[in-house]
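>>> could you look at this predicted model? Sequence included:
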Amino acid sequence: MIGDRKDPDASPSLGAMDQLDLDAPRHRDRGEAPPPSPPRRDDGRGANPPRRHTWAWLALGTVVVLVLALGLVLGVWRESLSQALIPSSELNQEIEAAQLALARGELSRPDGQGARERFQAVLARDPDHPAARSGLVAVREAALVQARAALADGDFDAARERLALARTMAAPAADMASIEAELAERESLEADVAERLQAAREAHALGRIEQPSNGALALYEDVLRRQPDNAIALEGRRSLLAGLLRDADAALDAGDLRTAVALVGRVVATDPSHLGLPALQARLGEVRAAGERSRETALRAAQAELRAGRLDAAASGFQALLESKPDDVEARQGLDDAAAMLAARAGRDAADFDFDAAADAIARAREWAPDSPAVAAAGRRLERARAAREELP
């Protein structure tokens with residue numbers, strides 16, 4: 001017991017933790033011998049580290065390697081995905097330039113700056129570029145639209161050029177057929193119009209103005225029926241109508257109202273909005289008003305001669321009125337009345353056997369009114385009177 005006493009000043013010690021035998025009391029309680037300790041390997045440092053430390057380091061290294069590999073894969077995948085989804089800035093710029101050219105209507109240019117050439121340049125670098133492919137389709141459609149617009153404006157050269165561009169870009173034949181057919185028809189019509197314009201100019205120079213078939217005015221009218229906006233035909237017709245109005249003015253100066261009215265009517269029927277019409281129509285109205293006053297005066301004078309029995313003077317007055325106005329009803333009636341009165345006088349002369357005076361009166365009355373029943377009756381009376389005179393002793 002004395003040998004086991006410890007130094008009271010010494011610190012208590014539990015010994016090495018790996019030398020503790022936690023199962024010793026249990027084995028002692030059961031009266032069993034403790035299990036033998038596993039052999040230890042000496043690593044040269046006087047200690048043998050536990051095996052679980054080695055496995056921990058292996059697991060940690062594996063995790064690190066997997067993380068690095070996953071990061072590398074993700075980086076490569078992200079780079080390839082970005083390249084697939086986001087085009088390069090140079091292609092983007094080329095696509096934008098092509099779209100701007102398309103918006104400006106510059107479908108194709110010899111210097112390669114047109115929309116078609118720019119889209120094709122993108123496809124040369126990236127054959128599957130969706131924007132470039134759809135852009136070429138848009139260029140093709142725009143070519144057809146421009147061809148129709150040029151055709152509507154009469155620019156046949158531009159229409160043919162746009163059709164050729166659409167054809168080289170494999171435009172549908174159905175879309176091009178209608179434009180090509182209309183272009184051919186318009187070109188044929190244009191050639192025919194050119195021939196007629198030349199013929200109209202030649203007719204005008206030769207003085208053939210109002211001939212129904214080959215006159216200058218008829219030829220210009222035919223051109224305007226085909227092309228209402230033809231500037232050459234419009235100017236040619238305007239010049240011809242101005243000449244007709246000058247002729248009408250000269251006819252008024254000469255007192256030929258009938259000719260002036262006919263010429264003005266021709267101009268009105270052809271171009272009611274001619275600039276020279278208003279002035280001449282105003283003058284024509286004044287002349288007509290003055291002529292109507294003169295007619296009234298002449299008519300009253302002829303009627304007075306008729307009432308006075310001066311038949312020859314009355315007939316002359318009525319005939320003058322009918323010469324200026326053949327459809328003057330009052331003058332025609334007055335002349336018929338004069339013829340009837342002269343025929344009645346001829347009948348009295350025949351009854352008196354004055355056959356020469358009766359025949360002369362009937363002849364004059366027949367000149368005034370060839371279809372007058374009174375004149376015909378006077379002629380029959382004259383014949384009966386002659387027959388009666390022959391029967392007398």
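Cool, got the structure.
>>> what's the first helix or strand after the helix or strand hosting Arg201?
Arg201 is located in helix 173-205, with elements delineated by DSSP states H and E. Counting by DSSP H and E, the element after helix 173-205 in chain order, helix or strand, is helix 216-226.
>>> could you dump that next one to CSV, C-alpha only?
As requested, C-alpha coordinates have been extracted for helix 216-226 and formatted as CSV (Å, rounded to 0.1, in the frame of the first residue of the first chain):
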residue,chain,number,x,y,z
ALA,A,216,-56.4,64.6,-135.8
LEU,A,217,-59.1,65.2,-133.3
ALA,A,218,-60.6,61.6,-133.7
LEU,A,219,-57.1,60.1,-133.3
TYR,A,220,-56.4,62.0,-130.1
GLU,A,221,-59.8,61.0,-128.8
ASP,A,222,-59.0,57.3,-129.5
VAL,A,223,-55.7,57.6,-127.6
LEU,A,224,-57.5,59.2,-124.6
ARG,A,225,-60.1,56.4,-124.5
ARG,A,226,-57.2,54.0,-124.1
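>>> burial measure for Cys372, as a count.
Quick fix: residue 372 reads Ser, not Cys. Here the number of neighbours of Ser372 (other C-beta atoms under 10 Å) works out to 20. Where C-beta positions appear, they are placed from N, C-alpha and C, glycine not excepted.
>>> likewise Glu367?
14.
>>> what score does the nearest residue to Glu182 once chain neighbours are set aside have for pLDDT?
In space, not counting the residues next to it along the chain, Glu182 is nearest to Leu151; the distance is 6.1 Å by C-beta to C-beta, 6 or more residues apart in numbering. Looking at Leu151, its pLDDT stands at 82.
>>> hmm, Glu221 and Thr270 touching each other?
Yes: in this structure, Thr270 sits in contact with Glu221. The criterion is C-beta atoms under 8 Å, and the distance is 7.1 Å.
>>> which neighbours do the two have in common?
Counting by C-beta atoms under 8 Å, 6 or more residues apart in numbering, the common neighbours of Thr270 and Glu221 are Arg237.
>>> any weak-confidence spans in the stretch 151-300 of the chain?
187-192, 211-214 (pLDDT under 70).
>>> mind running it again at 80?
Within the stretch 151-300 of the chain, the segments meeting pLDDT under 80 span 154, 156, 175, 182-196, 202-215, 222-223, 225-227.
>>> how much space between the residue most central in space within the chain and Val223?
With the centre of the chain defined as its mean C-alpha position, the nearest residue by C-alpha atoms, centre = their mean is Ala152, 5.5 Å away. The spacing between Ala152 and Val223, counted by C-beta to C-beta, to the nearest Å, is 19 Å.
>>> do the same with Ala177
Here Ala177 is placed at a distance of 29 Å from Val223 (C-beta to C-beta).
>>> surely Phe355 and Arg384 touch.
No: distance between Phe355 and Arg384: 11.5 Å, which falls outside the contact criterion (C-beta under 8 Å).
>>> between the two, who's got more neighbours?
Taking Phe355 and Arg384 together and counting by other C-beta under 10 Å, Phe355 has the greater number of neighbours (16 against 12).
>>> mind pulling up the pLDDT for the closest residue to that one other than its chain neighbours?
For Phe355, the nearest residue in space outside its immediate sequence neighbours is Arg386; the separation is 6.1 Å by C-beta to C-beta, 6+ apart. The per-residue pLDDT reported for Arg386 equals 79.
>>> Arg386 and Asp354 touch, don't they?
No: applying C-beta under 8 Å as the test, Arg386 and Asp354 come out as separate, 11.3 Å apart.
>>> so Arg201 sits against Ala233, correct?
No: in this structure, Arg201 is not within contact of Ala233 by C-beta under 8 Å, at 10.5 Å.
>>> between these two, who's got more neighbours?
A side-by-side neighbour count of Arg201 and Ala233, using other C-beta under 10 Å, places Ala233 first with 23 against 15.
>>> sec struct for the more buried one, please.
Following DSSP: H, G, I helix; E, B strand; the rest coil, Ala233 is assigned to helix.
>>> can you give me the distance of it to Leu245?
Applying C-beta to C-beta, the value for Ala233 to Leu245 is 19 Å.
>>> same question for Ile95.
From Ile95 across to Leu245, the span is 64 Å (C-beta to C-beta).
>>> neighbour-wise, which of these two wins?
Here Ile95 and Leu245 are compared on neighbour count by other C-beta under 10 Å; more neighbours surround Leu245, at 22 against 19.
>>> downstream neighbour of the helix or strand where that one lies in the secondary structure list?
Counting by DSSP H and E, the element that carries Leu245 is helix 231-253. Moving toward the C-terminus from helix 231-253, the first helix or strand encountered (DSSP H and E) is helix 257-270.
>>> the helix holding Arg201 packs against which elements?
Contacts of helix 173-205 with other secondary structure elements, assessed using 3 or more C-beta pairs under 8 Å, 6 or more residues apart in numbering; DSSP states H and E, are made with helix 130-152, helix 156-168, helix 216-226, helix 231-253.
>>> reformat those into CSV and put distance to Gln281 next to each item.
Shown next, in CSV, are those (distance: least, C-beta to C-beta, whole Å):
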stretch, distance to Gln281
helix 130-152, 38
helix 156-168, 42
helix 216-226, 19
helix 231-253, 10
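>>> element containing the residue nearest to Phe355, please.
When secondary structure is defined using DSSP H and E, the element that contains Arg386 is helix 373-391.
>>> ok, now Pro228?
When secondary structure is defined using DSSP H and E, no element contains Pro228, which sits outside every helix and strand.
>>> quick check: Gln113 touching Glu106?
Yes: the pair Gln113 and Glu106 passes the contact test of C-beta under 8 Å, sitting 7.2 Å apart.
>>> the two: which is more packed in?
Each of Gln113 and Glu106 had its neighbours counted (other C-beta under 10 Å), and the higher figure belongs to Glu106 (18 against 13).
>>> more neighbours: Ala177 and Val223, which one.
Under the criterion of other C-beta under 10 Å, the comparison of Ala177 against Val223 puts Val223 first, with 23 against 10.
>>> let me see the confidence value for the nearest residue to Arg125 once chain neighbours are set aside.
Leaving aside its chain neighbours, Arg125 sits nearest to Leu91 (6.8 Å; criterion: C-beta to C-beta, 6+ apart). Among the per-residue scores, Leu91 holds a pLDDT of 84.
>>> thank you kindly, that will do.
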